[in-house]
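Asks: Provided below are the primary sequence and the corresponding predicted coordinates.
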Amino acid sequence: MNGSKEVQKLIDEINFRKTNSKNYENMKAEEISKELRDIMKFEQESFKKIEEFEKTQKNQDLVQYAKMISRNTTGREIAHIQETYLKKIDEEFLNSK
């Protein structure tokens, strides 16, 4: 049961990131870059945890659910940040010329 709590804790962390999304459009390119690094690091750490859970947990359905929401949630957030980041780079580069 303790292992299932660990998986549930990871799911809660992923869901918290989803509900606590930031307004990247109001940030500067440097700030967005930091956010992008942070979410990518979070994604890597999440997948490492999930890989361990796949080896050790009995409730594989819960582990697969964690894997799915991690992939979907962080993937969407990364795509959104990348799109905003590219726009900001263009805006800041074009305005500096």
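Replies: That came through, no problem. Numbering: from 1, shown residues only.

Asks: mind listing the strands for the chain?
Replies: Remark: no strands are assigned in the chain by DSSP state E.

Asks: residue ranges for the helices of it, please.
Replies: For the chain, the helices identified by DSSP state H occupy 2-19, 29-56, 60-96, in order along the chain.

Asks: Please produce CSV containing those, extended by mean neighbour count and mean pLDDT.
Replies: (Glycine included, C-beta is placed from N, CA and C.) Rendered in CSV, the data for the helices of the chain read as follows (neighbours: other C-beta atoms under 10 Å; pLDDT from 0 to 100):
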stretch, mean neighbour count, mean pLDDT
helix 2-19, 14, 86
helix 29-56, 15, 94
helix 60-96, 15, 90
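
Asks: which ones are touching the residue nearest the centre of the chain?
Replies: Centroid-nearest residue in the chain: residue 74, 3.2 Å away (criterion: C-alpha atoms, centre = their mean). Shown in contact with residue 74 (C-beta atoms under 8 Å, 6 or more residues apart in numbering): 14, 17, 39, 42, 43, 46.

Asks: What separation is there between it and residue 83?
Replies: When C-beta to C-beta, to the nearest Å is the yardstick, residue 74 and residue 83 sit 15 Å from each other.

Asks: re earlier: just put the contacts of residue 74 in TSV and tack on distance to residue 69.
Replies: What follows is the contacts of residue 74, written out as TSV (distance: C-beta to C-beta, whole Å):
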residue	distance to residue 69
14	5
17	10
39	14
42	13
43	12
46	10
